[in-house]
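Coordinates for the following, if possible.
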Amino acid sequence: MSNIIPFDFHGHAVAFNGGGWINATQAAKQFGKLPNEWLRLPETIEYLKAMARTCGEIPYVKTSRARMDRGGGTWIHPKLAVAFARWLSADFAVWCDLQIDTLLHGDLGIRQEYEGACRALDDRKNLASAQGKGIAAWRWQRPVLEHRVEHLLEQLQLTLQLDAA
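Residues are numbered from 1 along each chain as shown. Presented below is the predicted three-dimensional model:
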């Protein structure tokens, strides 16, 4: 899968691609489950048949043999993602629905900027911890990075109307 976008759900990375497909292997792992367990359920099989009747025969599940850190695993079509997420957890299903909506209908730019700013803040914090000489630079860069994260979080909350978790 290309164009992988990691989102954070309660401290765990959940990968989506730009088309809204979710890495089901990665998502299920944090709940101690496997995607193929869900795919074998009678309700899931019935749902897949109904989707095929309504939307036609399209690939709803793709498997990548790449390493997990390179997008490997089972990927599920956005039309199935919320049903799959509901099997994992109601809270995860709501969160997943919001992420897919954001990916498919916009507001991704600010989300990506926010997550990029968070990564930059974390990277700098880790660098400062690992290197004594980075502490001086960290003292100057920290307020700027924290301000950027706070600003983008406010923008994200305004855009998505979500409370900070």
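
Determine the set of other helices and strands touching the worst-scoring helix or strand of the chain on mean pLDDT.
Between all helices and strands in the chain, the lowest mean by mean pLDDT, DSSP states H and E belongs to strand 61-64, at a mean of 71. Using 3 or more CB pairs under 8 Å, 6 or more residues apart in numbering; DSSP states H and E as the contact test, the elements touching strand 61-64 are strand 73-76. For the C-beta atoms, the positions are set from N, CA and C on the backbone; glycine is no exception.

which stretches of the protein have low pLDDT?
Low-confidence segments of the chain (pLDDT under 70): 1-2, 64-72, 106-111, 160-165.

Please parse this protein into its domains.
Using the TED database, the domain ranges for the chain come out as 8-88, 96-160.

Now do the least confident helix or strand of the chain: distance to the chain's middle.
Per CA atoms, centre = their mean, to the nearest Å, the displacement of strand 61-64 from the mean C-alpha position of its chain is 17 Å.

Stretch 7-23 too?
Distance, centroid of stretch 7-23 to centroid of chain: 2 Å (CA atoms, centre = their mean).

Likewise for stretch 123-132?
Distance, centroid of stretch 123-132 to centroid of chain: 26 Å (CA atoms, centre = their mean).

which strands and helices sit next to the top helix by length along the chain?
When the chain is parsed with DSSP state H, its longest helix is helix 134-160. Contact partners of helix 134-160 among helices and strands, from 3+ CB pairs under 8 Å, 6+ apart: helix 108-130.

ok and the helix it packs on relative to helix 134-160, angle-wise?
Per axes from the mean of the first three to the mean of the last three CA atoms, to 10 degrees, the angle that helix 108-130 makes with helix 134-160 is 160 degrees.
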